[in-house]
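**Q** Show me the folded form of this:
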Amino acid sequence: MGIFGELKSTWSRTRILASTSYGVLKRDRFLMAFPALSLAVVATISVVVWAVVWVTTSGLSSSTVADPGKWATEPTVWIVLVGSVLLCTFASVFFTAALTYGAWERFQGRAPTFESCILAAKARLHVIVPWAILAGFVGVVFEVLYRLPRIFRHMEQAGRHIPVVGHFVAIGAMIVAFVLESIWYFVTYLVVPVLVVEETGPIASCKRSFGLFRKTWGKSLIARVGFELIGLLILLPGLVLATLVVLIGLGSPVALILGIGIGVAWLLAMIVAMSAIVGVFKMALYLYVTTGEVPGEFQGTGLENAFTNKKALKAERKARKARGKVQMRPRQDSNLQPAG
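**A** Presented below is the predicted three-dimensional model:
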């Protein structure tokens, strides 16, 4: 009974925190444009990369695209694919930083604008770019480890001998990649707020994020599951509507296209909304863990009870006093326009 009661309480707090984050977004609706822009840029880069690879490689065609053994030796493929991953990662981090800065401004009692958020992200390119490069290369390594069994299988089909132990190693690599990717996600959970507020390099930001995460790790795990479950619940009505459209149309091409369109649009809207909500929440969590003060919009939401460890907070504040208080007011960059 105690476990179920705790799960119910945690779920209730997660819903309140998500609702509060959405309330912040309703005051500054333009903040939701940043996840949308990120998706648009990533989609554009993917299309361009696909076109470049298709045109410049001799081994890639409609009949061999699913067979890496036919084109995996093309240097252009790897150069372009790695470059595209780095560009997509940069776009994601850049627009997330702009969203995070906007939430920070709002929590400080100021009124952010779209222009001020973009300018703030541009002013932090010296920390965003190195972090995007590091995160991009880590993502490439994880992807290769995940695909190792498939790579070995295609190598065998191409006539190369792969010992039995190699297949076990590939499966082990997949498991290791899954574990490491999960650890990486939580270690870097608060990296973007650290980049925006403290403007430290990639390694220092990663260490700082991990240090903050250790103070919130138990509940942060539950928070991730809670936010993902909320996203799933938001997605379900769209999937049901898309399915009904297809069924009512008796599987006609028009109904099928319309149903797929509704499903995709709903999915994209859910991704944009949840990305913005999580971005606002992370900024609020960062501010509370580092300052001990709950942002005004989150007063009474249980943030201080749901996601932090009191002893860890006390140690954090003592450490801050030892090294001097970090100025929490956004840096007045010379190239930033005053928020209107």
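
**Q** can I assume L180 is in contact with Y146?
**A** No: assessed by CB atoms under 8 Å, L180 is found out of contact with Y146, at 10.8 Å. For the C-beta atoms, the positions are set from N, CA and C on the backbone; glycine is no exception.

**Q** Can you name the residues that contact S84?
**A** For S84, the contact set (CB atoms under 8 Å, 6 or more residues apart in numbering) comprises I45, S46, V49.

**Q** quick one: contacts for the second one?
**A** S46 makes contact with S84, C88 under the criterion CB under 8 Å, 6+ apart.

**Q** For it, give its distance to V289.
**A** 35 Å (CB to CB, to the nearest Å).

**Q** now do the first one
**A** Spatial separation of I45 from V289 under the definition CB to CB is 34 Å.

**Q** The two: who's more crowded?
**A** V289 (24 against 18; other CB atoms under 10 Å).

**Q** Report the secondary structure element holding the residue lying closest to that one once chain neighbours are set aside.
**A** Leaving aside its chain neighbours, V289 sits nearest to L212 (5.2 Å; criterion: CB to CB, 6 or more residues apart in numbering). Using DSSP states H and E, L212 falls within helix 202-213.

**Q** what bits of this protein have low per-residue confidence?
**A** 1-10, 56-76, 154-161, 164, 216-225, 250-251, 300-340 (pLDDT under 70).

**Q** Please enumerate the helices of the protein.
**A** Ranges of helices within the chain are 2-27, 33-56, 68-71, 75-107, 114-123, 125-157, 164-187, 191-198, 202-213, 217-248, 253-291, 303-306, 310-323, based on DSSP state H.

**Q** of the ones you listed, which approaches E297 most closely?
**A** helix 2-27 (5.4 Å; CB to CB).

**Q** Tell me the spacing between R124 and A135.
**A** 15 Å.

**Q** Sorry, wrong one. I was asking about G261.
**A** 32 Å.

**Q** Look at those two and report which has more neighbours.
**A** Set G261 next to A135 and count neighbours by other CB under 10 Å: A135 wins out with 21 against 12.

**Q** residues contacting the more buried one?
**A** T89, V93, T188, P202 are the contacts of A135 under CB under 8 Å, 6+ apart.

**Q** quick one, phi psi at the third one?
**A** Backbone torsions for T188, taken as degrees, to the nearest 10, come to phi -100, psi 20.

**Q** Quick check: closest non-adjacent residue to it.
**A** S209 (5.5 Å).

**Q** Check the second one too.
**A** When the adjacent residues along the chain are set aside, V93 lies closest to A132, with 4.7 Å between them (CB to CB, 6+ apart).

**Q** That neighbour against T89, yeah?
**A** Yes: A132 lies in contact with T89 (CB under 8 Å); the separation is 4.7 Å.

**Q** Quickly list what's touching both of these two.
**A** Both A132 and T89 lack any common contact, where contact means CB under 8 Å, 6+ apart.
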